[in-house]
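> Make a model of this:
(2 chains, ligands or ions: 1)
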Amino acid sequence: MSVQELEKPRSPRPAGLGPVGWLRWGWRTLTSMRTALILLFLLALGSVPGSVVPQRGVEPDKVAALYEQNPTLAEWYDRFQLFEVFGSAWFAAVYLLLFASLVGCIVPRTATYLRELRRKPPAAPKRPARLPHSATFDGELTVEQAARRLRRMRFRVATGDGWVSAEKGYLRETGNLFFHVALLGILVAIGAGSLFGYRGNVLVVEGDGFANTVAAYDRFTPGSQVSAESLEPFSFQLADLKVSYQVTGDRKGQVLDYSAHLKVNDSPEAPARDYQLKVNEPLDVDGTQSYLIGNGYAPVFRVTDGKGQVAFEGPVPCLIEDKNTMTSGCVVKAPDAQPEQLGFLLRFLPTSVPLTDGSHASAFPGELNPEVQVLGAFSGDLGVRSGRPQSVYELAPPEVMKKLNPLLMASDTPKPLAVGQSVDLPGGVGKIEFIGVKEWITLQTAYDPGRVPALAAGGTAVVAIALSLMIRRRRVFVRIDAGKVEVGGLTRTEGSAAAFAEEFTDIVKVLAAGEKDVR
Amino acid sequence: MSAEQLAELSDLFVVAAVLLYLVAMIGFAIELAFGRARPGVAERSADGPLGAKKPVTVGAAAGDGEQGRDAATGLPADHVDAGGAAASEDDDGAVAAGGVAASQGDGGAPPSRAVARAGTAALALAWLGWAANLGAIATRGLAADRWPWGNMYEFVVAICFAAVTAFLVTQLRANVRFLGSFVMVTVALGLGLAVKAFYTTAGPVVPALDSYWIAIHVSAAIVASGLFIIAGVSGVLYLLRGDGLSRLPARADLERVAHRAIVLAFPVWTFAVIAGALWADRAWGRYWGWDPKEVWAFITWVAYAAYLHARVTAGWRGRSATIVQLVAFGCLLFNLIGVNIFFDGLHSYADVD
Ligand code: HEM
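Below is the predicted model:
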């Protein structure tokens, strides 16, 4: 399509037209280049808040924090759907209009293109030498020879009485059309993925297993067309997690590698296989992929109650408080303890070192000298059985905390516990023992049936846009009159006449050279 | 050589590159300042809209007088009635394959030899600076034993290298020396910023970056950014210079350089974004998640697509399209620098404090 064809004057406003006229005007306006341009701007502009305002899908905690700090602003944001810009009605309006405009643009262009493909190049003008690129020379050239030489240069050729016209570079338009169609394809693939795909997050402690069911996830976000039965029935056990760190230099403590050793059953009947799960190397079970996205420590504790019975024993996953040293905060709840329930707030130090003021801190994220500080021990009703959902990372909600009976505070136990050590609670109500260290990983499992089609469409888009932008559409005309040859050329592509100049001189050279010089 | 020595050598190379670029800038500036003034619009517009024919006289646009090559194209001169096509072969091959036409002929007095020599020397210095820049990247990679674009410092150094490469390679095929001083000052500032604001010692990267994808995705982004810088420099000059006679390059030339660069860069950028999505699919379990970096890569892409559309929309060529291009360039820079500093997302590997 040439530039002039695109530069159609804006359709005049219909004066006194009926609804059909208005519709036609509306469609023509929508599919105009200027509208496409404006919609592209709007699309870019509309994306900006998506990076400035925290997004629910990306940073839900920040959204929650904003609600706490500035509820009025948060409500206004919410009113304009700014917490989910890319799923908002107004963003959808922009891209749907854009794609409507795109369809309205592609369909007629495809029709034109197909017609052009079948048409022969137009007859040569009377005076090709008047074209932007031209040359004349004297020679024995016949129409047939010229046509043959042009064909050999992969031109499409038409001939007539004393003239040859030739054209090439149709791939440009092909590329352009494929590019725009591929964009539509990407949109459809993304849409399909969000309808038929799901995503789930889960935390797994070393030694524990996981089976891919909705109930096993800590958080599960399905597309609207996903049913619980459709989940790929694989399972695995986390045998071991290895994390290696840089130990010297000023990047000491930086993670070098994570490797989680899994024993995977691809289906309930399948035999277990070993898999090393790493960052950038997800576990793929028939298109359902599981990714290693986080890790941390789960120290193992044993709580003995006032009656001498074990009220709790096992690993507790701790929340990371400082990523550089992996200092982590842990909560142990023993609602079964007798005579009173017990709860503990602890801090885990993977590499505990004493500081000059007598306190302790972690100096390295690796597990070199693991110790646990008891920050607080409490007795009383933890509210675990109140029926209200509770976080495993929080001992109790503030109103329940107030009613608990503090037994120990951090100042009572200045020296942290090493593995194997324990602390007795005052009044003989029990004790807590630090008996070992495990690690946990967080996994994200994702199933997205749109990802392969999206990739195919994306790959097409890249190839097609390269063709569309690199290839020149050009025509060459030859008129032969009594031994005088006039050659003219023009490129139908904006912005590339300059580069065509060189090619044109080569073409003239080939035309002028005798048959023997042309291979 | 030990890793520390290599790292030190890399730092020295960067300083050398900055100095060489600055001296080259002065050379180019002398050539520009003491050369001839140019009209706002190039006289011979081989690039005009389709079918717009301009009378072309052979040799009229014969270069800067330094290298006015013969218009002959290999054919015996009497066989070729050199029309537009042949004529565009002069100007130091200005219109040649690079596709960047630099028609500077306005019939003024030819510049002195000293001035021309300053330009040639500047070009040699720019090549030296380029080599130092390359050395800096290579030694850094050897010192850290990985691809040398794992953090913002390395990324900016590589982009400056890409921009200079784009400029010098274009210069091999077409005369774009008029851009020299502006490209040089831009990359010198870029490297200076990298050293002053983003410097980090050479070392390993976090596991997420330890992947062959960095070679694919980041390299493509670097190549595209380098080309976009050339376009951006041309765009700024376009707006700075008026329509009249000026020592700055002609508007039509600037526009052509910008368009060529973007036409090359856009598919590469598209590829970089898609390769990034592939990597995200491997690393984070989704190919697109509207992480701030992804948002701005998308905005940049849409903005450059808008530029390409603006070029073919009635009434948008020239000034308006240039403004669109510069807005897109602004988005690119913001994504490069702003996003790393102002937002924290999955892409926050920049290692800047
Ligand atoms: C919705 C309406 C759209 C219309 C009417 C439209 C129309 C066009 C036309 C006519 C061209 C040809 C220009 C030429 O051959 O030089 C073109 C090229 C292009 N379009 Fe679109 N397009 C639309 C949407 C889009 C979208 C959504 C994108 C991507 C964001 C896009 C990206 C491009 C690119 C990159 C080019 C290449 C420009 C060039 O060839 O110089 N288009 N478009």
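> okay, and the helix or strand of chain B with the least pLDDT?
helix B:90-93 (a mean of 30; mean pLDDT, DSSP states H and E).
> Please identify the buried residues of the helix or strand following it?
Sequence-wise, the next helix or strand downstream of helix B:90-93 (DSSP states H and E) is helix B:113-144. Going by neighbour count (16 or more other C-beta atoms under 10 Å in any protein chain shown), the buried part of helix B:113-144 is B:115-116, B:118-119, B:121-123, B:125-126, B:128-130, B:132-137, B:139-144. (C-beta placed from N, C-alpha, C; glycine too.)
> ditto for stretch B:320-332
Counting neighbours by 16+ other C-beta under 10 Å, the buried set in stretch B:320-332 is B:321-329, B:331-332.
> How about stretch A:76-84?
A:77, A:81-84.
> Number of residues surrounding B:Asn175?
When neighbours are defined as other C-beta atoms under 10 Å in any protein chain shown, B:Asn175 has 26 of them.
> doesn't it fall inside a helix?
No - the assignment for B:Asn175 by DSSP: H, G, I helix; E, B strand; the rest coil gives coil, which leaves it out of any helix.
> Quick check: phi and psi at it.
phi -80, psi 110 (degrees, to the nearest 10).
> for A:Ala272, same thing?
Main-chain torsions, A:Ala272, degrees, to the nearest 10: phi -70, psi 140.
> Would you mind confirming that it makes contact with A:Asn265?
Yes - A:Ala272 is within contact range of A:Asn265, at 5.4 Å (criterion: C-beta atoms under 8 Å).
> Distance of A:Ser227 relative to A:Tyr198?
Remark: distance between A:Ser227 and A:Tyr198 (C-beta to C-beta, to the nearest Å) = 10 Å.
> Those two - which one has more neighbours?
A:Tyr198 (22 against 9).
> Leaving aside the residues adjacent along the chain, what's closest to that one?
A:Pro222 (4.1 Å; C-beta to C-beta, 6 or more residues apart in numbering or on different chains).
> tell me, how many neighbours does that neighbour end up with?
Neighbour tally, A:Pro222, other C-beta under 10 Å: 18.
> So it sits against A:Leu195, correct?
No - the pair A:Pro222 and A:Leu195 does not pass the contact test of C-beta under 8 Å, sitting 9.8 Å apart.
> Low-confidence stretches in chain B?
By pLDDT under 70, the low-scoring segments of chain B are B:36-111, B:208, B:344-353.
> How are the helices of it distributed by residue range?
For chain B, the helices defined by DSSP state H cover B:3-34, B:84-87, B:90-93, B:113-144, B:152-173, B:180-198, B:213, B:219-240, B:251-283, B:292-311, B:319-333, B:339-342.
> pull the CA atoms of the last one into CSV?
Going back to what we said before, that points to helix B:339-342. C-alpha atoms of helix B:339-342 as CSV (Å, rounded to 0.1, in the frame of the first residue of the first chain):
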residue,chain,number,x,y,z
VAL,B,339,12.3,1.7,36.3
ASN,B,340,15.4,0.2,38.0
ILE,B,341,15.5,3.1,40.5
PHE,B,342,11.9,3.9,41.2
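> And chain A, is it touching that?
Yes - applying C-beta under 8 Å from any C-beta of the partner chain, one finds helix B:339-342 touching chain A at B:Val339.
> For burial, what's the neighbour tally of B:Ser246?
B:Ser246: 16 neighbours (other C-beta under 10 Å).
> need the contact list for the residue nearest in space to the middle of chain B.
With distances taken as C-alpha atoms, centre = their mean, the residue of chain B nearest its centroid is B:Ile230 (2.6 Å). Residues near B:Ile230 by C-beta atoms under 8 Å, 6 or more residues apart in numbering or on different chains: B:163, B:166-167, B:170, B:179, B:183, B:257-258, B:261.
> hmm, 7 Å instead?
By C-beta atoms under 7 Å, 6 or more residues apart in numbering or on different chains, B:Ile230 lies in contact with B:163, B:166-167, B:183, B:257, B:261.
> Can you pull out the low-pLDDT segments for chain A?
Low-confidence regions of chain A, defined by pLDDT under 70, span residues A:1-16, A:387-389, A:414, A:492-498, A:514-519.
> Enumerate the residues of it near the ligand.
By the rule C-beta under 6 Å from any ligand atom, the part of chain A lying against the ligand is A:1, A:6, A:33, A:36, A:40, A:98, A:101-102, A:105, A:176, A:180, A:183, A:465, A:468-469, A:494.
> show me the contacts for the residue nearest to A:Arg273 when sequence neighbours are not counted.
Closest residue in space to A:Arg273, ignoring its immediate chain neighbours: A:Val264 at 5.4 Å, by C-beta to C-beta, 6+ apart. Residues in contact with A:Val264 (C-beta under 7 Å, 6+ apart) are A:234, A:236, A:272-273, A:275, A:283.
> Let's have these in CSV, adding distance to B:Trp288 and neighbour count.
Shown next, in CSV, are these (distance: C-beta to C-beta, whole Å; neighbours: other C-beta atoms under 10 Å in any protein chain shown):
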residue, distance to B:Trp288, neighbour count
A:Phe234, 25, 20
A:Phe236, 27, 25
A:Ala272, 34, 13
A:Arg273, 31, 11
A:Tyr275, 26, 19
A:Leu283, 21, 21
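> ok, the residue nearest to B:Phe334 when sequence neighbours are not counted to A:Asp257 distance?
Nearest residue to B:Phe334 in three dimensions, chain neighbours excluded: B:Trp296, at 6.2 Å (C-beta to C-beta, 6+ apart). Spatial separation of B:Trp296 from A:Asp257 under the definition C-beta to C-beta is 30 Å.
> Equivalent analysis for A:Gly50, please.
33 Å.
> follow-up on the earlier one: between B:Trp296 and A:Asp257, which is the more surrounded one?
A direct count of neighbours by other C-beta under 10 Å for B:Trp296 and A:Asp257 places B:Trp296 higher, at 25 against 14.
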